[in-house]
Structure formats: C-alpha cells, structure tokens
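In: Pasting the sequence and the predicted coordinates here, then a few questions.
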Amino acid sequence: MSAGFLPPLPPRPDDDADPMGYLDPSMRQEAQERWVLRAMQWRAVEMAEAVFGGTVVPRLVQSRGALGLRAILELEVPFSDVERHRLAEEVFVAACGRDQLLSTSPMVVLFAPRLDPSSAARPGAPAETPA
C-alpha cells in the first residue's frame with residue numbers, strides 16, 4: 001500500500017472538547033445557551049425566595065424572540081396581601097437590576113400568586129361568620 005493512497009485525517013479536537021461539538025459547532029452553542037438560561041432561572045428563584053419569603057415554583061419557557069428576548073420565567077410565589085406582593089415585586093426587580101447575570105440578559109418574569117395556606121380568607125370564597 002502506498003503512503004499517499006489515503007487522504008490525510010482532519011485534525012483531532014482537543015481531549016476536553018465535546019465530540020458532537022466537533023461535528024456540529026452550533027450544538028455546543030445551544031447547550032451553552034440552555035445552561036445560561038438555567039443559571040438565570042436558579043438565580044431568580046433564590047432571589048424570589050429571599051424576597052417573597054417562601055418556596056417559589058419556577059416554570060421556564062425558553063424563547064429566542066424579538067429584541068433578543070431569551071426566556072419567559074413564571075415564578076409561583078407566596079401571596080397573602082396585595083400591598084406586600086407589590087412591594088416584594090419592586091424589591092425583586094431592583095435586585096435583578098443589580099445582579100450581574102440577570103441584569104445583562106433580557107428575560108420576562110411573570111409572578112403567579114400562590115395563596116398562603118395559613119391565611120383563612122381566600123379571594124372568591126364566602127366569608128366565614130363566627131357562630
């Protein structure tokens with residue numbers, strides 16, 4: 001067999017590189033984008049739990065929308081009073097503006113109220129009268 005019979009092999013990727021990223025570089029970028037979105041979600045959830053005071057249930061909708069929108073994040077937060085909720089929203093938005101990751105990435109945050117189980121009065125429920 002002649003030494004010049006086979007074509008030369010393409011250069012091998014680094015040992016640390018993802019083998020699929022070697023075949024399709026856009027896959028690596030998409031995977032990195034998903035991890036950035038998850039990091040944003042985790043950061044927002046921790047911040048919301050600190051601000052709203054309780055467990056927060058996140059729902060992330062990944063989106064590559066107009067004007068560079070990266071995601072829509074719905075946070076189900078504890079709710080007991082409208083005034084407290086509005087104040088907590090303002091504190092959350094101000095904290096996001098000061099956060100290095102959340103302030104640089106366009107993301108829409110929606111707050112879904114979750115009624116506090118310890119509160120007796122629920123909107124729409126008939127008021128209980130003392131006997």
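Out: Done, it's in. Numbering: from 1, shown residues only.

In: So which residues of the protein form helices?
Out: In the chain, the helices defined using DSSP state H lie at 19-23, 25-52, 82-98.

In: winner for burial among these?
Out: Across those, averaging neighbours per residue (mean count of other Cβ atoms under 10 Å) puts helix 25-52 on top, at a mean of 15. Backbone N, C-alpha and C define where each C-beta goes, glycine included.

In: re the thing from before, relative to Gln62, which of the helices of the chain is closest?
Out: Among the helices of the chain, helix 25-52 comes nearest to Gln62, with 5.9 Å by Cβ to Cβ.

In: Could you give the average pLDDT over that closest one?
Out: Mean pLDDT, helix 25-52: 85.

In: so what does it touch, helix or strand wise?
Out: Contact analysis of helix 25-52 by 3 or more Cβ pairs under 8 Å, 6 or more residues apart in numbering; DSSP states H and E lists helix 19-23, strand 57-62, strand 71-79, helix 82-98, strand 107-115 as its packing neighbours.

In: That helix versus strand 107-115: what angle between them?
Out: Counting by axes from the mean of the first three to the mean of the last three Cα atoms, to 10 degrees, helix 25-52 lies at 40 degrees to strand 107-115.

In: quick check: angle from helix 25-52 to strand 57-62?
Out: Here helix 25-52 runs at an angle of 150 degrees relative to strand 57-62 (the same axes, to 10 degrees).

In: residue ranges with poor pLDDT in this protein?
Out: 1-4, 9-25, 63-67, 116-131 (pLDDT under 70).

In: And the residue nearest to Leu60 when sequence neighbours are not counted, how close does it get to Val61?
Out: Of all residues not flanking Leu60 in the chain, Gln41 sits nearest, at 5.0 Å (Cβ to Cβ, 6 or more residues apart in numbering). Gln41 is 11 Å from Val61, where distance means Cβ to Cβ, to the nearest Å.

In: Now for the two: what residues contact both?
Out: Common neighbours of Gln41 and Val61 (criterion: Cβ atoms under 8 Å, 6 or more residues apart in numbering): 71, 73.
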